[in-house]
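**Student:** From the sequence below, what's the structure:
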Amino acid sequence: MTDLEDIRSFVEVVETGGFARAAKRLNVSKSIVSRRIGRLEADLGVRLLSRTTRGISPTEAGLEFKLRGERILADLAAATEAVAQHGSEVMGHLRISLPMGFGIRHVAPVLAEVAARHPRLEIEASYSDRFVDLIAERFDLAIRIGSLKDSTLVGRRIAPIGVAIVASPAYLARHGRPDRPEDLIAHECLLYTGSADRELWRFRAGKRWIDVRPQGRMRSDNGDAIMRYAMAGLGIAALPTFIVTDAVRDGSLVPLLTDYEMPGGAIYAVRPPGAQVPARVRVVIDALVERFGGEPDWDPCQMAARRRAYEAEMEARRLEAAE
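**Tutor:** Numbers count the residues shown, from 1 in each chain. Have a look, this model is predicted:
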């Protein structure tokens, strides 16, 4: 009888295009994967892979077997999931993609709590600011920050994200403090290159929108790197408040233009399409909603901004009543 792990290994080799990459994904040695593929071909009596100097590719029989093998593995996972739901225990293997900064700071502790509550749940977390293809790379779930693009994926909004304009005291001492968004044109700005709208900073003053195209010589696709540049006095940055909270608290960075609001988007949990949400996915989404839903007490900068907005609204009402 063909072993399920042999089928799984073959599917991974075809998906990744090599024995070494498949072994890494399966967390086994390359020799084990090679042995499994050899055993599978011997059991079936047919060659499944073509091996050339340019790499590995499936034969016609291999393509057919991969298609049917994927169905077998999917049916097995669904059967395991269905049986597990009759009990109180969540089990299975969860692959989740997370943005580097938010994922390490805030989601990693949540995943640790979920793992502690469900000892038979395996969690494989990939921390990267790279935009992954959930379906092609077989991720069960991804956490994304910003605005959610239209797609076939299913998204759930978890919480809003705040954005702050910040600079170091040293930079402000040398170059002065901007009083209006338009003043940023005369300043050295630190540019985040990890989003499509990176070249435009938008501010709202009441019902009016102000668009600024910042200029600067320091760029990065990582928010923590941008924060380090700002702390070193290299310029002014626009960053999510969850990144700069500690630096603002200890005085390394100073919030600027606090009378203006910058849209920050939100945190989303995104999964592949399907009416049924696997229990291993549902427990993580529920834990994220429990932790980050409601008041953003996990983000002191955002809480402070809400307090300022509330106080400004109360003051405006007081002045209106006095008139």
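
**Student:** Show me where the stretch 1-150 of the chain has its helices.
**Tutor:** Using DSSP state H, counting those that start in this stretch, the helices found in the stretch 1-150 of the chain span residues 4-16, 19-26, 30-44, 60-84, 100-102, 108-117.

**Student:** Quick one: residues contacting Glu60.
**Tutor:** Contacts for Glu60 (Cβ atoms under 8 Å, 6 or more residues apart in numbering) come out as none. (Glycine included, C-beta is placed from N, CA and C.)

**Student:** if we can go back for a sec, could you dump the helices of the stretch 1-150 of the chain to a markdown table with mean pLDDT and distance to Ala304?
**Tutor:** As requested, the helices of the stretch 1-150 of the chain are exported to a markdown table (pLDDT from 0 to 100; distance: least, Cβ to Cβ, whole Å):
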| stretch | mean pLDDT | distance to Ala304 |
| --- | --- | --- |
| helix 4-16 | 88 | 46 |
| helix 19-26 | 87 | 43 |
| helix 30-44 | 90 | 52 |
| helix 60-84 | 80 | 43 |
| helix 100-102 | 89 | 19 |
| helix 108-117 | 95 | 22 |
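
**Student:** For Thr152, find the nearest of those helices.
**Tutor:** Shortest distance between Thr152 and the helices of the stretch 1-150 of the chain, using Cβ to Cβ, is found for helix 60-84: 17.5 Å.

**Student:** Next, the angle from the closest one to helix 30-44.
**Tutor:** Helix 60-84 and helix 30-44 are oriented at 100 degrees to each other (axes from the mean of the first three to the mean of the last three Cα atoms, to 10 degrees).

**Student:** tell me the angle of helix 60-84 relative to helix 4-16?
**Tutor:** Using the same axes, to 10 degrees: helix 60-84 against helix 4-16 is 120 degrees.

**Student:** what's the distance between helix 60-84 and the middle of its chain?
**Tutor:** Distance of helix 60-84 from its chain centroid, counting by Cα atoms, centre = their mean, to the nearest Å, is 28 Å.

**Student:** Ok, stretch 23-34 next?
**Tutor:** 27 Å.

**Student:** what comes up buried for it?
**Tutor:** Neighbour-count burial for stretch 23-34, with 16 or more other Cβ atoms under 10 Å as criterion, is recorded at Ala23, Arg25, Leu26, Val28, Val33, Ser34.

**Student:** what does stretch 216-223 give?
**Tutor:** Gly216, Met218, Ser220, Asn222, Gly223.

**Student:** and the second one, how far is that from Ala167?
**Tutor:** It refers to Met218. Distance, Met218 to Ala167, by Cβ to Cβ, to the nearest Å: 13 Å.

**Student:** Likewise for the third one?
**Tutor:** Going from Ser220 to Ala167 by Cβ to Cβ gives 16 Å.

**Student:** And for the first one?
**Tutor:** The spacing between Gly216 and Ala167, counted by Cβ to Cβ, is 12 Å.

**Student:** ok, now Arg138?
**Tutor:** 42 Å.

**Student:** More neighbours: which of these two?
**Tutor:** The residue with more neighbours, out of Arg138 and Ala167, is Ala167; 25 against 15, by other Cβ atoms under 10 Å.

**Student:** was I right about the more buried one contacting Leu257?
**Tutor:** No - using Cβ atoms under 8 Å, Ala167 makes no contact with Leu257, being 10.3 Å away.

**Student:** Can you pull the residues that touch both of the two?
**Tutor:** With Cβ under 8 Å, 6+ apart as the test, Ala167 and Leu257 reach no residue in common.

**Student:** Quick check: chain neighbours aside, which residue is closest to Asp221?
**Tutor:** Gly194 (4.1 Å; Cβ to Cβ, 6 or more residues apart in numbering).
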